[in-house]
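**Student:** Could you look at this predicted model? Sequence included:
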Amino acid sequence: MEKVFIKSKFNRKLYTKFFYFNLLQKSASIYFFFLAALLSLYLAINVTVNPDADNTSTTIYWLFALFLLSGLPAFTYGRISATVKKIEKELGDKLEIIEISKPKIVRFVEGVQGKVVLGWENFDSVYEYKDYIFMYIDRDRGLVFTKDSILDGDLETFRKLAMNNLRPGKKGKVRYFKRFKEEK
């Protein structure tokens, strides 16, 4: 039976990349927020240069624009930082063990009672980079591991399992993406 066994420790940089990738690549909300901030800035400038505008409306437009512009870092960096800290608190220095096979994916944390058993149908997409892999369940959940943390099995076995078992997307294709060029 084909199986991949992964053992890894929490990596702050890797989880931060995971969430930033989700925010900037898989989610459109940040772009709508940014467009709203730019639109509010444009409206505030228009009201300011309009000779018929009163001070109250000018102040309201500028406060709204400043509110949106100052909220952008909190919406991005603050949310990601808080999520990574929460995961770091849960995992700490404990080993995360992931066993991937055809019927299921089992994840458990060493020293913590209980385990999570997932089917391939729970996963939306897989993104493979040169040194690490992101397996997305949804916006804030997924599995993150480096390629060198694979102890049993190999990368080709993982790719084969993912390509054969991930649920197809709307176009009927499996959402497995390689985000690097392989050296020949």
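**Tutor:** Ah, there it is.
**Student:** the helices in this protein, which residues?
**Tutor:** All helices of the chain, identified by DSSP state H, fall at 12-21, 29-49, 55-73, 79-91, 155-165.
**Student:** Let me have those in JSON lines, adding distance to residue 6 and mean neighbour count as columns.
**Tutor:** (Each C-beta comes from the backbone N, C-alpha and C, glycine too.) Below are these laid out as JSON lines (distance: least, C-beta to C-beta, whole Å; neighbours: other C-beta atoms under 10 Å):
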{"stretch": "helix 12-21", "distance to residue 6": "13", "mean neighbour count": "16"}
{"stretch": "helix 29-49", "distance to residue 6": "30", "mean neighbour count": "14"}
{"stretch": "helix 55-73", "distance to residue 6": "34", "mean neighbour count": "14"}
{"stretch": "helix 79-91", "distance to residue 6": "14", "mean neighbour count": "14"}
{"stretch": "helix 155-165", "distance to residue 6": "9", "mean neighbour count": "16"}
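**Student:** Hmm, residue 147 is touching residue 153, no?
**Tutor:** No. Using C-beta atoms under 8 Å, residue 147 is not in contact with residue 153; the gap is 11.6 Å.
**Student:** Tell me how far residue 61 lies from residue 67.
**Tutor:** Note on residue 61: its distance to residue 67, by C-beta to C-beta, to the nearest Å, is 11 Å.
**Student:** One more: residue 120?
**Tutor:** 43 Å.
**Student:** what do you get for residue 22?
**Tutor:** Using C-beta to C-beta, residue 22 is found at 25 Å from residue 67.
**Student:** And residue 163, by the same measure?
**Tutor:** From residue 163 across to residue 67, the span is 46 Å (C-beta to C-beta).
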